[in-house]
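> Got a sequence here, can you build the structure:
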Amino acid sequence: MTMFPAKVLGSLVAVVAGLVLSAGSVAAQQPIGPNQQFAGAVKGSTTKATVFMICPGPTFPGRLGHPEAGQGVQVVENTGAGFTGSAANRIVATLGPTPSSTDVTLTFKEYGVPQDIPTTAFLPCSGTGVAVFTPLPTSSTARNATVTLTFVNIAV
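Residues are numbered from 1 along each chain as shown. The predicted structure is shown next:
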């Protein structure tokens, strides 16, 4: 029996896609625990990320708006400057112009499980900020990871 090249290619693509999804599922099940190196990631970047904002009308300093849907945040294991320290069992990501009580917070208990920035959040329409990934409970050996953020208004 002879298979056409398109069918062979289609079969290979299906097998590779299945393997990638399986590998991602296994990695996503790794719980956050003590003495682990980690990085925070915003939209796939562990250093600098652009957060798209929806702020109709003119932008002015201090104006807040809502993030565009589908902008993921996650914690990545075995890389980066973060360290969970001797006690952590979760990592809290705080996103905003500066760390404050009005910033967006997301809690992670597993590596590789993304959460979207809530579209109901209020963040700056423009300017810069930071995402700080903090291991909790903290300890003297814990180190935060950070990602620099640039807020860009796409509704002008």
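> C-alpha from now on. contacts and neighbour counts both.
Noted.
> mind listing the helices for this structure?
Counting by DSSP state H, one finds helices in the chain at the ranges 5-28.
> neighbours around the closest residue to residue 116 other than its chain neighbours, how many?
Closest residue in space to residue 116, ignoring its immediate chain neighbours: residue 72 at 4.2 Å, by C-alpha to C-alpha, 6 or more residues apart in numbering. Using other C-alpha atoms under 10 Å, residue 72 has 16 other residues around it.
> what sits against residue 72?
Taking C-alpha atoms under 8 Å, 6 or more residues apart in numbering, we find residue 72 in contact with 42-44, 114-117.
> How much space separates it from residue 107?
Here the criterion is C-alpha to C-alpha, to the nearest Å. By it, residue 72 lies 13 Å from residue 107.
> ditto for residue 37
For residue 37, the distance to residue 107 equals 17 Å [C-alpha to C-alpha].
> Which of the two has more residues huddled nearby?
Shown here are residue 37 and residue 107; by other C-alpha under 10 Å, residue 37 has more neighbours (20 against 17).
> Look up how far residue 70 lies from the more buried one.
From residue 37 to residue 70 the distance is 27 Å (C-alpha to C-alpha).
> How about residue 62?
Taken as C-alpha to C-alpha, the span from residue 62 to residue 70 is 24 Å.
> residue boundaries of the strands in the protein?
37-42, 48-54, 64-67, 72-77, 82-83, 90-96, 104-108, 115-116, 123-124, 127-136, 145-153 (DSSP state E).
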